[in-house]
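Novice: compute the structure for the input listed below.
(2 chains)
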Amino acid sequence: MTFFRQLWAIILKDLLSELRSKEMVISMCLFAFLILIIFNFTFDIAPDSIVGSAPGILWVAFIFSGLMGLGRAFGGERDRGTMPGLLLCPVSGWGIYLAKLIGTFIFMAIMEVFTLSLFSVLYNVSLISHFFPIVLILFLGTLGFAAVGTVFSAMSATTKTRDVLLSILVFPISVPMILASVKATGMVLDGKTLAEAFSWLKILIAFDMLFLLLAYLTFDYILEE
Amino acid sequence: MNNSNKTGPIIEARGLVKKYGFKTVLRNLDLTLEKGDFLALFGPNGAGKTTLIRILCSLAYPTSGKVTLAGYDTREEREDLRKIIGVISHHTYLYHHLTAFENLRFYGRMYSVSDLKERIEELLELVGLKLFAHESVHTFSRGMEQRLSVARAIIHDPQILFLDEPFTGLDQHGAEDFMELLQGFRRQGKTVLMTSHDLDRGLDLCTHAAILNAGRLVFQKDRCQVQAEGFRQIYFERTKTSTPGLSVTS
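Specialist: Numbering: from 1, shown residues only, chains lettered A, B, ... in the order given. Model prediction:
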């Protein structure tokens, strides 16, 4: 029980800090908005071909905007000088990782809801009929991205080139997750069932489990100096 | 919440060596403190004081050597050890967008403090911030932040306190208020290790005084064996090799 109380304390603290400072979610949403606008004006996408482009546009917005949030997961603690205070608490590295992962996931989910709503309006695509499959793919994709990103956010937080390093580390490793998410989203938007997209979902599930396990095994060492 | 049931010296460091690349920061350092001791550790910048504190409170590991606090090994029993220590630094470890109450509530939950609300009110009263409980920390002065940082560090009633240059950035009033809080720790019989550049204040508080220079303890005595003026002279003698003098040319 203590573990879950500590987990909740860290998540609540991060949510409360974000609610007051509005540093992260607004920047992420604004960035996603700009990406959607740029795509909308740059490519003259015909209504009948939108299904082919939509998954790519959406996941580019999610991943690039999400990266801003990832950088703050541990970078914020380092910048404020609160990281030693957190590390001095009697909580395992895995506990800190999980709390930061959940926090990042929540911030990304808020950004994704905003992005999907805006996408639906700008590109005149109805997502209501695909609601549950899309939510499942978003859940698995976002979890995988946050799982990888939280590990690298902790690793890169102490470096001067934190943001550059985070992008360089996260993008290559996230390729299988991004590919699977884009393909699965495309199939669902194309009217196919989740069962037909299951081969891509299996990759997402395996990716999520692999990186959660890696974080469980290594995060105590990552937090060491 | 004194969870330790182990016996022996409360702080014991044996053969501590810390290297960062080719630079050796601590050189075969031994240190023992008994329960209730208040050690003031002085030394010039770069002597290794902060590194020593980071190792003792398990934020860093020595290259070689071993540290136990109340019998807990800093490497093997880190989570248990952290329940019995509190750290006050010139960094306050406070979240500026949260209020004083919310900061203490966060740390209290992390340490599973029982009757948390009462404990927070008691601590805010102790550090003189009860009226500011629901104000954001970013509106606080440096002195107020440092007093709240004391409340943060002792919220779980730790047996051992590490203070890393706690007077940094405090004005005279802030420093005097802070001195009173530290004297309170001494009266309560807490074991304290404080690093400081302020010889007078350090000597006023401590039961033992030590000087660290270039990673070695070059002086360590009971406070009663040390005269303030004599100590000042000893300090400059023992540390002069690492502090090049200013040369003023006209």
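Novice: what parts of chain A come near chain B?
Specialist: Proximity of chain A to chain B (CB under 8 Å from any CB of the partner chain) is limited to residues A:2, A:5-6, A:8-10, A:12-13, A:16-17, A:20-21, A:80-82, A:84-92, A:224-225. Where C-beta positions appear, they are placed from N, C-alpha and C, glycine not excepted.
Novice: so which of the residues you listed sit within helices?
Specialist: Of those, the ones assigned to helices by DSSP state H are A:2, A:5-6, A:8-10, A:12-13, A:16-17, A:20-21, A:80, A:84-87.
Novice: out of those residues, which are buried?
Specialist: The neighbour-count test (16 or more other CB atoms under 10 Å in any protein chain shown) marks A:6, A:9-10, A:12-13, A:16-17, A:20-21, A:80, A:84-87 as buried among these.
Novice: can you put these in a markdown table and add pLDDT?
Specialist: Formatted as a markdown table, those follow (pLDDT from 0 to 100):
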| residue | pLDDT |
| --- | --- |
| A:Gln6 | 95 |
| A:Ala9 | 96 |
| A:Ile10 | 96 |
| A:Leu12 | 96 |
| A:Lys13 | 95 |
| A:Leu16 | 95 |
| A:Ser17 | 93 |
| A:Arg20 | 92 |
| A:Ser21 | 88 |
| A:Arg80 | 87 |
| A:Pro84 | 93 |
| A:Gly85 | 94 |
| A:Leu86 | 95 |
| A:Leu87 | 93 |
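Novice: ok, these vs chain B, which is closest?
Specialist: Proximity of those to chain B was ranked by CB to the nearest CB; the top entry is A:Gly85 with 2.8 Å.
Novice: quick one: residues contacting the closest residue to the closest one other than its chain neighbours.
Specialist: In this structure, A:Gly85 finds its nearest non-sequential neighbour in B:Tyr93, 2.8 Å apart by CB to CB, 6 or more residues apart in numbering or on different chains. B:Tyr93 sits next to A:Gly81, A:Thr82, A:Pro84, A:Gly85, A:Leu86, A:Leu88, B:Val87, B:Ser149, B:Arg152 when contact means CB atoms under 8 Å, 6 or more residues apart in numbering or on different chains.
Novice: in the helix or strand of chain B with the lowest mean pLDDT, what counts as buried?
Specialist: When each helix and strand of chain B is scored by mean pLDDT, DSSP states H and E, helix B:172-187 comes last, with a mean of 84. For helix B:172-187, the neighbour count (16+ other CB under 10 Å) marks B:Gly174, B:Ala175, B:Asp177, B:Phe178, B:Met179, B:Leu181, B:Leu182, B:Phe185, B:Arg186 as buried.
Novice: before we move on, what about stretch A:133-152?
Specialist: A:133-134, A:136-138, A:140-152.
Novice: then stretch A:98-109?
Specialist: A:Leu98, A:Ala99, A:Lys100, A:Leu101, A:Ile102, A:Gly103, A:Thr104, A:Phe105, A:Ile106, A:Phe107, A:Met108.
Novice: same check on stretch A:169-185?
Specialist: In stretch A:169-185, counting by 16+ other CB under 10 Å, buried: A:Leu169, A:Val170, A:Ser174, A:Met177, A:Ile178, A:Ala180, A:Ser181, A:Val182, A:Lys183, A:Ala184, A:Thr185.
Novice: hmm, B:Ile211 and B:Ile234 touching each other?
Specialist: Yes - using CB atoms under 8 Å, B:Ile234 is in contact with B:Ile211, at 7.2 Å.
Novice: circling back to that earlier point, for the buried residues of helix B:172-187, give me CSV that also has distance to B:Ser114.
Specialist: Shown next, in CSV, are the buried residues of helix B:172-187 (distance: CB to CB, whole Å):
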residue, distance to B:Ser114
B:Gly174, 32
B:Ala175, 33
B:Asp177, 28
B:Phe178, 28
B:Met179, 30
B:Leu181, 23
B:Leu182, 26
B:Phe185, 22
B:Arg186, 26
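Novice: so of these, which two are at opposite extremes in space?
Specialist: Greatest spacing in the buried residues of helix B:172-187, by CB to CB: B:Gly174 and B:Arg186 (19.1 Å).
Novice: and the residue of chain B closest to chain A?
Specialist: Closest point on chain B to chain A, by CB to the nearest CB, is B:Tyr93, at 2.8 Å.
Novice: and that residue, what are its phi and psi?
Specialist: Phi and psi for B:Tyr93, reported as degrees, to the nearest 10, are phi 60, psi 30.
Novice: got the angle between the worst-scoring helix or strand of chain A on mean pLDDT and helix A:2-21?
Specialist: When the helices and strands of chain A are compared on mean pLDDT, DSSP H and E, helix A:50-80 comes out lowest with a mean of 88. With axes from the mean of the first three to the mean of the last three CA atoms, to 10 degrees applied, the angle from helix A:50-80 to helix A:2-21 works out at 100 degrees.
Novice: quick one: distance of helix A:50-80 to the chain centre.
Specialist: Centre-to-centre, helix A:50-80 and its host chain are 6 Å apart (CA atoms, centre = their mean, to the nearest Å).
Novice: what kind of secondary structure is the residue nearest the centre of chain B in?
Specialist: In chain B, the centroid-proximal residue (CA atoms, centre = their mean) is B:Leu163; its distance is 1.4 Å. What DSSP: H, G, I helix; E, B strand; the rest coil gives for B:Leu163 is strand.
Novice: residues in contact with the residue nearest to it when sequence neighbours are not counted?
Specialist: Using CB to CB, 6+ apart and skipping residues adjacent in sequence, the residue nearest B:Leu163 is B:Met194, 3.9 Å away. Contact analysis of B:Met194 by CB under 8 Å, 6+ apart lists B:Phe38, B:Leu39, B:Ala40, B:Leu41, B:Phe162, B:Leu163, B:Asp164, B:Pro166, B:Leu182, B:Gly202, B:Leu205, B:Cys206.
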